[in-house]
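Q: Prediction below, plus the sequence it came from.
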Amino acid sequence: MTNMQSLPDGLLGDDELHWLARRADGGFGLIETCAAYIGLDGKAWAGELGVDRDDDLPGLTRLAERIRRGGGLALTQIFHGGVRADPKLTGEPTWSASTWQEDGPDFAVPRAGTVADIERAIEQFAAAAERSQRAGFDGVELHGAHGYLLSQFLSTTMNPRTDGWGGDLVGRARLIREATRAVRKRCGARFVVGVRLSLEDFGNAKGMDLDDNLQVASWLAEDGADFIHASLWDASRMSRKRPEEHAVTLLRAAVPREVAVIACGSIWTRADADAVMARGADMIALGRSAIVNPDWPRDSAKPDFAPKRAPVTKAELYERAVSPLFAGYLTRWKNFVSE
């Protein structure tokens, strides 16, 4: 979860450590960092964790050790913001698959990335994964969802390139596939490598086609992915393209049995989780419900489990190892924080 709790230079902050450690202590089996930037030109918000240089290693090592001490596997979510990076924050110009732009007073029109930019990003993904491995993390998740760089290259609307890095699906999927292969090659077979995908359009993830991304998921399995994480926003809904079918069921059928399927999106209760698992997910991921229910895994086993739901007060968030800075960010979410 984006939480803005690390230091301005990307080094681990104590607030971020405490936030993740509390979830590990609460029984979560796998704990992922926020989207951690692989290069300064991909940094998207203040207080974002960095995994872009060896100076990050002491904090990353401390974080991995603490999560594992709590009983969970530790994964770094590695990402590049592309057009979602913030040039006012980094001093670096944004780049993407093209000069695609959107309306908005603060939108910085990107330049079309060169082949050198693309190749550098692939190397940065591999280096970030290796750095995570050196720090003691069990694996990484490449963030290919939510309209960040890998998603921008997958997009039918944002990537009209004709140089082999765009256009048809093979070209649009080339960056995410080569980044995944590079990570797998750099870190070896025993290191967990997964990819998060937006299977259909939502929010900043534009130009996403369900069938295209099912094919991408199948390719990523061939490329060495151990899991595919479907970011659904509301896991109870059927797919938009095929209203009679569910995206999780389709994804499960698209990848080999040994490749795990993770699904997330508005999962609050044990019944919500069981329903997603019944559709074919091997694991469920929690975001908002994990913020307000840090002991969800243990509590959900109780017959009378009734999760705490938003809105919550800032005081309640502080009790759940959410810092004042993170709580302030959460006030931007509609109906999540009550004053």
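A: Yep, that arrived. Numbers count the residues shown, from 1 in each chain.
Q: Contact partners for residue 157?
A: Listed by Cβ atoms under 8 Å, 6 or more residues apart in numbering, the contact set of residue 157 reads 100, 206-207. To be clear about C-beta, it is placed using only N, CA and C from the backbone, and glycine gets the same treatment.
Q: closest to residue 309 among those?
A: Checking these against residue 309 by Cβ to Cβ gives residue 206 as the nearest, at 30.0 Å.
Q: isn't the closest one right up against residue 158?
A: Yes: assessed by Cβ atoms under 8 Å, residue 206 is found in contact with residue 158 at 6.4 Å.
Q: Who has more neighbours out of these two?
A: Under the criterion of other Cβ atoms under 10 Å, the comparison of residue 206 against residue 158 puts residue 158 first, with 26 against 17.
Q: Name the SS class of the more buried one, please.
A: The assignment at residue 158 comes out as coil when based on DSSP: H, G, I helix; E, B strand; the rest coil.
Q: Run through the residues that contact it.
A: By Cβ under 8 Å, 6+ apart, the contact list for residue 158 reads 83, 96-98, 100, 152, 206-207.
Q: looking at those, which has the most residues close by?
A: In terms of neighbour count, residue 152 stands highest of the contacts of residue 158 at 31 neighbours, by other Cβ under 10 Å.
Q: Helix or strand: which one has that one?
A: For residue 152, the element it lies in under DSSP states H and E is helix 149-154.
Q: Please apply the same query to residue 228.
A: Counting by DSSP H and E, the element that carries residue 228 is strand 227-231.
Q: What lies in contact with that strand?
A: Residues outside strand 227-231 that contact it (Cβ under 8 Å, 6+ apart) are 141, 145-146, 192, 194-199, 205, 217, 220-221, 247-248, 251, 255, 259-265, 281-283, 285.
Q: count of residues packed around residue 91?
A: By the other Cβ under 10 Å criterion, the neighbourhood of residue 91 contains 9 residues.
Q: Could you pull up phi and psi at it?
A: Per-residue torsions, residue 91: phi 80, psi 0 (degrees, to the nearest 10).
Q: Report the separation between it and residue 108.
A: According to Cβ to Cβ, to the nearest Å, residue 91 and residue 108 sit 12 Å apart.
Q: which stretches of the stretch 101-250 of the chain form strands?
A: Assigned by DSSP state E, counting those that start in this stretch, the strands in the stretch 101-250 of the chain fall at 111-112, 139-144, 192-197, 227-231.
Q: what separates the last one from the chain centre, distance-wise?
A: Right, strand 227-231. The chain centre lies 9 Å from the centre of strand 227-231; the measure is Cα atoms, centre = their mean, to the nearest Å.
Q: Tell me who's in contact with residue 64.
A: 74, 132, 135-138.
Q: so which of those residues is the most crowded?
A: When neighbours are counted by other Cβ under 10 Å, residue 132 leads these with 30 neighbours.
Q: Nearest residue to that residue in space, please, no chain neighbours.
A: Among residues not flanking residue 132 along the chain, residue 76 sits closest, at 4.1 Å (Cβ to Cβ, 6 or more residues apart in numbering).
Q: The one you found - that's part of a strand, no?
A: Yes: looking at residue 76 with three-state DSSP, it is inside a strand.
Q: circling back: packing partners of the helix holding residue 152?
A: Judged by 3 or more Cβ pairs under 8 Å, 6 or more residues apart in numbering; DSSP states H and E, the packing partners of helix 149-154 are strand 139-144, helix 174-187, helix 210-222.
Q: Check which helices and strands the first one sits against.
A: So that's strand 139-144. Applying 3+ Cβ pairs under 8 Å, 6+ apart, we find strand 139-144 packed against strand 73-79, helix 115-135, helix 149-154, helix 174-187, strand 192-197.
Q: cutoff 6 Å now
A: For strand 139-144, the packing partners by 3 or more Cβ pairs under 6 Å, 6 or more residues apart in numbering; DSSP states H and E come out as strand 73-79, strand 192-197.
Q: Can I get it in CSV, CA atoms only?
A: Extracted in CSV, the C-alpha atoms of strand 139-144 (Å, rounded to 0.1, in the frame of the first residue of the first chain):
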residue,chain,number,x,y,z
GLY,A,139,10.9,-12.4,-3.5
VAL,A,140,9.6,-9.5,-5.5
GLU,A,141,6.4,-8.5,-7.3
LEU,A,142,6.7,-6.5,-10.5
HIS,A,143,4.0,-3.9,-10.4
GLY,A,144,2.4,-4.2,-13.9
